[in-house]
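Undergrad: Give the three-dimensional model of this entry:
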Amino acid sequence: MNKKEVPGLEMLRAELKREKYRRRYGKMLKSTVYTLVVVAAFAVLVATLWMPVLQIYGSSMAPTLNEGQIVICVKDSEFKRGDLAAFYMGNKLLIKRVIAGPADIVNIEQDGTVFVNAAQLDEPYVSEKAFGECDIELPYQVPDSRYFLMGDHRATSVDSRSSVVGCVSEEQIVGRIAFCVWPISDFGRIN
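TA: As a prediction, this is how the structure comes out:
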């Protein structure tokens, strides 16, 4: 009788060991999934509230930004001349360069030379000057709480020079483009 109980007892111990392992494995799996969900939620929260990640479409910011690049936008409320700003225009997210701020006076000559408050802008980021699509009356004074933005590829960019876009209000601006993360060859800070 002892010999019959021993094999049954061994089977019971082996089954108990498997059940404990299964429970431990289940707890560990559940813990790992919860951790991954929390990390993913935190990443989405950061990307949505403080540092949105954007992909570039179009060529209006060439050669500074090219189609397909992925950039990080930093939420900011103050912009200075030369900053790249992402803003909403209708349901589209556009990226342009800050040329002038509230109360500044902008003038653009026919050859594409830009003046702000009667001083010519030094624009090393523009590869080819162009007057572009401009249907506003120049010189133009930027209204309060608004920014005058232009693309770096002046010949094709539709920006504040056009009444379709106009000056961008502070509420429309998502933030300042600060960093390129893709492709790896372009990885780094954006000027």
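
Undergrad: in the chain, what spans have low per-residue confidence?
TA: Along the chain, segments meeting pLDDT under 70 span 1-7, 46-51, 188, 191.

Undergrad: Which residue ranges of it form strands?
TA: For the chain, the strands defined by DSSP state E occupy 53-55, 70-74, 84-89, 92-100, 105-108, 114-116, 119-120, 140-141, 146-150, 168-169, 173-182, 188-189.

Undergrad: Among those, show me which one is buried the most.
TA: Mean neighbour count (mean count of other Cβ atoms under 10 Å) peaks for strand 146-150 among the strands of the chain, with a mean of 26. Every residue, glycine included, has its C-beta placed from N, CA and C.

Undergrad: Direction included, what does that one pair up with?
TA: strand 92-100 (antiparallel), strand 168-169 (antiparallel) (DSSP bridges).

Undergrad: Save the ones you listed as CSV, and put in distance to residue 28 too.
TA: Below are those laid out as CSV (distance: least, Cβ to Cβ, whole Å):
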stretch, distance to residue 28
strand 92-100, 41
strand 168-169, 51
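
Undergrad: what's the burial count for residue 167?
TA: Neighbourhood size, residue 167 [other Cβ atoms under 10 Å]: 21.

Undergrad: That one contacts residue 160, doesn't it?
TA: Yes - taking contacts as Cβ atoms under 8 Å, residue 167 lies within contact range of residue 160: 5.4 Å.

Undergrad: circling back: of all the strands of the chain, which one is nearest residue 25?
TA: With respect to residue 25, and counting by Cβ to Cβ, the nearest of the strands of the chain is strand 53-55 at 35.2 Å.

Undergrad: quick one, helices of the chain?
TA: 2-49 (DSSP state H).

Undergrad: on that earlier part again, what do residue 167 and residue 160 both touch?
TA: 147-149 (Cβ atoms under 8 Å, 6 or more residues apart in numbering).

Undergrad: which one of these is nearest residue 110?
TA: Looking across the shared contacts of residue 167 and residue 160 and measuring by Cβ to Cβ, the closest to residue 110 is residue 148, at 18.2 Å.

Undergrad: Name the nearest residue to residue 81, ignoring sequence neighbours.
TA: In space, and not counting its chain neighbours, residue 81 is closest to residue 98: 5.8 Å by Cβ to Cβ, 6 or more residues apart in numbering.

Undergrad: what's the neighbour count on residue 110?
TA: 8.

Undergrad: rewinding a little: next one: the residue nearest to residue 81 from residue 132, what distance?
TA: As judged by Cβ to Cβ, to the nearest Å, residue 98 and residue 132 stand 17 Å apart.

Undergrad: Residue 17 too?
TA: In terms of Cβ to Cβ, residue 17 sits 76 Å off from residue 132.
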